[in-house]
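Participant: missing the sequence, but the structure's below:
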């Protein structure tokens, strides 16, 4: 064993120790950093154009773009918070007025008039009345409990606002420096990746391809589904249409349930409130339009770019959610896409097969 060999072993041992310690220190900031990297990558073409408009002043372009993204995140979150508080208060007031106006006493008659299941629901109500006793008190207490639950949840968010603020500031800080120094950072990282040049090119091309395709597929489809559902909420006179539209967009990326977790209960509400045609219209719109947008638009957008088989894409999204949380919606398919590229490289190097074009 030569002295140079010992020095090499020692160097890599020290390097691994340093990397492990850096990983421990950076671990609390991993999630906001990942979001910053994704945002920076998606927005970098706009950053290049803005830099040209700023006559090559990269720092000015980075600052303007970071400020714009910050406003796009902060303003909707504040608006959603105020909207949620307002509509929860309005919901409790509406329930209280309904009870005070004799709504509970009219309940059996209204249930009996429900299409298809009126008699059966009336039987269930009779059993429920025997079990619960005073329904007026039950509904009032339920409305208060719901409000209290939501207030406590909001209080919990406020309690952790410092941590949320730190994560957001970390994301904004990382985002600014990625815009400002991202090109040189990427070039340095690319050089130190210990792979053959052709392999690196394929892997990074696949990473770019998959990331863009997944972001477009997930978020464009979510916005389209939310707007489609929101149009139906407004036309059919559903209470709190703006809030329901926002929640529909948030839940749309979920592979199981998704938008149906919102428009499904809306169908039940319209079936209850009447007339029946509104419930049937909402059901038909939800199944035929809102769900179809997800079934057609998302796979088309992701499939056109990432070329990931639908089954693998499904497991990538579900598994990514389970392992990484919300960010797994993006990381899951990206990891699947990179694995697909690695398999193609293996087949080319060790299987004697010609490698297809990246993304095929």
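Facilitator: That came through, no problem. Small disclaimer: the values here were computed from a predicted structure and weren't measured. Numbers count the residues shown, from 1 in each chain.
Participant: C-alpha only now, for contacts and for neighbours.
Facilitator: Fine.
Participant: gap between residue 68 and residue 43?
Facilitator: Using C-alpha to C-alpha, to the nearest Å, residue 68 is found at 11 Å from residue 43.
Participant: who's more crowded, the two?
Facilitator: A direct count of neighbours by other C-alpha atoms under 10 Å for residue 68 and residue 43 places residue 43 higher, at 14 against 11.
Participant: which residues sit against the helix or strand hosting the more buried one?
Facilitator: If you go by DSSP states H and E, residue 43 is part of helix 30-53. Outside helix 30-53, the residues that touch it by C-alpha atoms under 8 Å, 6 or more residues apart in numbering are 57-58, 60-62, 65, 167-168, 170-172, 174-175, 178-179, 211-212, 327.
Participant: low pLDDT regions in the stretch 151-300 of the chain?
Facilitator: Residues of the stretch 151-300 of the chain meeting the criterion pLDDT under 70: 151-164, 255-256, 274, 299.
Participant: where does residue 6 land on pLDDT?
Facilitator: Predicted confidence (pLDDT) for residue 6: 81.
Participant: pull the number of nearby residues for it.
Facilitator: So residue 6, with other C-alpha under 10 Å, has 10 neighbours.
Participant: look up how far residue 252 lies from it.
Facilitator: 56 Å.
Participant: same check, this time on residue 15
Facilitator: From residue 15 over to residue 252 the distance is 43 Å, taken as C-alpha to C-alpha.
Participant: tell me which of the two has more neighbours.
Facilitator: For residue 15 versus residue 252, the count of surrounding residues by other C-alpha under 10 Å is larger for residue 252: 27 against 12.
Participant: ok, that one touching residue 222?
Facilitator: Yes. Using C-alpha atoms under 8 Å, residue 252 is in contact with residue 222, at 5.0 Å.
Participant: mutual contacts of these two, please.
Facilitator: Common neighbours of residue 252 and residue 222 (C-alpha under 8 Å, 6+ apart) do not exist.
Participant: host element of residue 93?
Facilitator: For residue 93, the host element (DSSP H and E) is helix 58-100.
Participant: same deal with residue 171?
Facilitator: Following DSSP H and E, one finds residue 171 within helix 161-192.
Participant: pull out the buried positions in the helix or strand following that helix.
Facilitator: Of the helices and strands lying after helix 161-192 in sequence (DSSP H and E), the nearest is helix 197-215. Neighbour counts using 16 or more other C-alpha atoms under 10 Å place 202, 203, 205, 206, 207, 209, 210, 211, 212, 213, 214, 215 of helix 197-215 among the buried residues.
Participant: again, but for stretch 264-274
Facilitator: 264, 266, 267, 270, 271, 272.
Participant: and residue 23, what's its pLDDT?
Facilitator: For residue 23, pLDDT reads 83.
Participant: dump the residue contacts of it.
Facilitator: Residue 23 sits next to no residue when contact means C-alpha under 8 Å, 6+ apart.
Participant: for it, give me phi and psi.
Facilitator: phi -60, psi -40 (degrees, to the nearest 10).
Participant: look up how far residue 206 lies from it.
Facilitator: Residue 23 is 25 Å from residue 206, by C-alpha to C-alpha.
Participant: what do you get for residue 339?
Facilitator: From residue 339 across to residue 206, the span is 10 Å (C-alpha to C-alpha).
Participant: cool, residue 18 as well?
Facilitator: 30 Å.
Participant: one more: residue 216?
Facilitator: The value you get for residue 216 to residue 206, if C-alpha to C-alpha is used, is 15 Å.
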